Each structure stands twice: as C-alpha cells, then as structure tokens.
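Novice: Sequence below, structure please.
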Amino acid sequence: MRWTEDDYNQIMSRRKAGSATEALPAAGQPSAAAKGKLQALGRLAPGKMNKTEARFASHLDALMTSGDLLCWRFEAIKLMLAKNTTITVDFATLPASGLLTMIDVKGSKAIYTDDARAKMKIAADIFPFVFQVAYPKEKGVGWVIETIHV
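Specialist: Residues are numbered from 1 along each chain as shown. All right, here's what the predicted structure looks like:
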C-alpha cells in the first residue's frame, strides 16, 4: 500500500480528533486489540535500547568488524517531517558505500503499524537517505531487512 501525505494527514487528524470510527485493519494487519498485546507496556527512556534493538546493535557491530559498516549511532538523528511531526529512527548507519542508512527495528512484522509505515515513507520521500525496517527472522537467527521505496 502506498501512502500519500494527504493519507497521513487524514489519519493524524482522525487520531487527534479521537474519532469513534476507526478504520478497519488492512489485510494481514492485526486488530487494535491484538496490536496492544504485541506492543511493550512502557517506553524506555530516550537512548535506552530494548532487547531486540540490543540484538540488532550486536549485528551492526559484527558488520563493523567485517568492514561492511563504518559506524552506527542509536537514536542519534531526529527528522522533522512536518510541523509538530518528527521521526527518530532507531539506528543511523554509515555503510562502506558511504550512503547514510536509517534503520528502524521492530520486534516482528506485525508490530510495524500503519502510522509508522506512513512516517517512514514520508521521510524516505523528503530526505536523501536510505530508509529500512528490520525485524528478526521467524526462527530467531538473522534479520529481515526491508528497504522503504517511494
């Protein structure tokens, strides 16, 4: 599904207005109740990694050791998408290719919500970086990394 900026603004305005009519989840997306069970109970302090992010940081360290990655920083860059709308991607990375890559890490594909997708697509459209989403493979070994295309 491709989102336009108008789609994103409509969703955000409905959210701010507290609309009683919620959109039905897209095919393959969990219901709101199911999403609540998948998400963490509380947010960690800025700059603190959860377990999945810490595992991904270890993966990035391995890439640095092999020379495929020059450096990475956790929650180092906050991007302004619109007035009062920002996104802080989990990892800003600099691969050996020299193209800044912003990677957001999720616990599973089901947790990657529509509003998070919209923000990533808007950011990919505005900024000259590569935007990616990473989540662990189902067997627990390795990572699935999806590049956000505009």
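
Novice: I'd guessed Ile87 sits against Leu81; true?
Specialist: Yes - between Ile87 and Leu81 there is a contact at 6.0 Å, judged by Cβ atoms under 8 Å. To be clear about C-beta, it is placed using only N, CA and C from the backbone, and glycine gets the same treatment.

Novice: Return every residue with contacts to both of these two.
Specialist: 119, 123 (Cβ atoms under 8 Å, 6 or more residues apart in numbering).

Novice: Distance of the closest residue to Lys137 other than its chain neighbours relative to Ile87?
Specialist: Closest residue in space to Lys137, ignoring its immediate chain neighbours: Val144 at 5.6 Å, by Cβ to Cβ, 6 or more residues apart in numbering. From Val144 over to Ile87 the distance is 21 Å, taken as Cβ to Cβ, to the nearest Å.

Novice: Leu70 now?
Specialist: 23 Å.

Novice: Between Val144 and Ile87, which is the more surrounded one?
Specialist: Ile87 (19 against 13; other Cβ atoms under 10 Å).

Novice: for the more buried one, phi and psi?
Specialist: In terms of degrees, to the nearest 10, the main-chain angles of Ile87 are phi -140, psi 130.

Novice: So in terms of bridging, what pairs with it?
Specialist: Leu79 (DSSP bridges).

Novice: Okay, strands next: where are they in this protein?
Specialist: Listed in chain order, the strands of the chain (DSSP state E) span 69-74, 78-82, 85-88, 91-95, 101-105, 130-136, 143-147.

Novice: now the ones you listed in a markdown table, with mean pLDDT and distance to Lys51?
Specialist: Below are these laid out as a markdown table (pLDDT from 0 to 100; distance: least, Cβ to Cβ, whole Å):
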| stretch | mean pLDDT | distance to Lys51 |
| --- | --- | --- |
| strand 69-74 | 96 | 14 |
| strand 78-82 | 95 | 23 |
| strand 85-88 | 94 | 19 |
| strand 91-95 | 97 | 15 |
| strand 101-105 | 96 | 11 |
| strand 130-136 | 95 | 10 |
| strand 143-147 | 94 | 14 |
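
Novice: That's all I had, so thanks and see you.
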